[in-house]
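Asks: Prediction below, plus the sequence it came from.
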Amino acid sequence: MAKLLLIEDDAATAEEILADLRGRGHAVDWAATGPEGAARARTGSWDAIVLDRMLPGLDGLTVLRDLRGGGDRTPALVLSALGDVDERIRGLRAGGDDYLGKPFVLAELAARIEALLRRPTDSRETVLRVGTLELDLLAGTGRRGVRDLDLLPRELKLLEYLMRRPGQVVTRAMMFEEVWNYRFAPKSNLIDVHVGRLRKKLEVDGEPILIHNVRGEGFTLTPDV
C-alpha cells in the first residue's frame, strides 16, 4: 500500500481516481486547489503525487517547481487535457516524473503510479560522490576535485544518472527513459551529443577519462581514484 496525494480540481474526476486507487489498496488524500495541494505536499510524507496541470489558485507546474526547488523529490505524475508534445515537455521539465494526457484509462494511471513507486529509493540522496567527482543536487552544482563544473540542467540530470550507477553499463534506451522520460528510443544521436558535451566539461587538461563508451552497449562512469 502506498500513501498518495491527488491534486485535482474536477470533483468527478477526483472521485473516480480516488475510488480506483483506494480499491487497489492505496491510501489517497485529495486536494482540490493548487495552494491546498502545495501545502499538503510540503507537510506530508508521500510515496507519490498525482496532480493536474491546470489548477485554481496555483498552476500545477508551479506547484511542482516549488517542490523541486525546496528539495522535495517525491515522484510526481502530471495529468492534463493539454496533451501535445510541448506540454508534455513542460511538465517533465518542471519536475514531473511522468505525464498522462486526459482522458485516460484508470488502469493505465494505476500502472504508471506503480512504475514510479518501483524506482530506486536511492534517488533521495542529494549529494553524490564518485571518486573526485561531487554533485550537489539541491544546489545544482558539480565539482571535480577543486574545479567547479558549469553544468546545464540536462547535463546535471545526465551526470546524476551515471553517478548513481558507477561502473555499471547504461544503455541509450535506459538514458532516454530515465533522463529524458521518453517511452521509446528516438532514432537520433541525442544521447551521444549530450554525453560528448558533458565529457568536455568533466575531462579537461589531460584529466583521466570518467565516461567511457562501451561499444555496442552504451556508457559507463568509472571513478578516477
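Replies: Ah, there it is. Numbering: from 1, shown residues only.

Asks: Find the nearest non-adjacent residue to Asn213, please.
Replies: Closest residue to Asn213 apart from its sequence neighbours, by Cβ to Cβ, 6 or more residues apart in numbering: Phe219 at 6.0 Å. For glycine as for every other residue, the C-beta is placed from the backbone atoms N, C-alpha and C.

Asks: Show me which positions of stretch 212-219 end up buried.
Replies: Across stretch 212-219, burial judged by 16 or more other Cβ atoms under 10 Å covers Gly218, Phe219.

Asks: correction: stretch 33-42
Replies: Thr33, Gly34, Glu36, Gly37, Ala38, Arg40, Ala41.

Asks: Just list the residues touching the spatially most central residue of the chain, thanks.
Replies: Centroid-nearest residue in the chain: Asp97, 4.1 Å away (criterion: Cα atoms, centre = their mean). Contact partners of Asp97, counting by Cβ atoms under 8 Å, 6 or more residues apart in numbering, are Pro75, Ala76, Leu77, Leu116, Arg119, Asn181.

Asks: ok, now how distant is the third one from Asn181?
Replies: Taking Cβ to Cβ, to the nearest Å as the measure, Leu77 and Asn181 are separated by 11 Å.

Asks: CA atoms of the lowest-mean-pLDDT helix or strand in the chain as PDB?
Replies: Every helix and strand of the chain was ranked by mean pLDDT, DSSP states H and E. The lowest is helix 85-93, at a mean of 75. Taking C-alpha atoms only, helix 85-93 is exported to PDB below (Å, rounded to 0.1, in the frame of the first residue of the first chain):
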ATOM      1  CA  VAL A  85       4.300  17.200 -27.100                       C
ATOM      2  CA  ASP A  86       5.300  20.700 -26.000                       C
ATOM      3  CA  GLU A  87       3.000  20.500 -23.000                       C
ATOM      4  CA  ARG A  88       4.500  17.100 -22.000                       C
ATOM      5  CA  ILE A  89       7.900  18.500 -22.200                       C
ATOM      6  CA  ARG A  90       6.900  21.500 -20.000                       C
ATOM      7  CA  GLY A  91       5.500  19.100 -17.400                       C
ATOM      8  CA  LEU A  92       8.700  17.000 -17.400                       C
ATOM      9  CA  ARG A  93      11.000  20.000 -17.200                       C
END
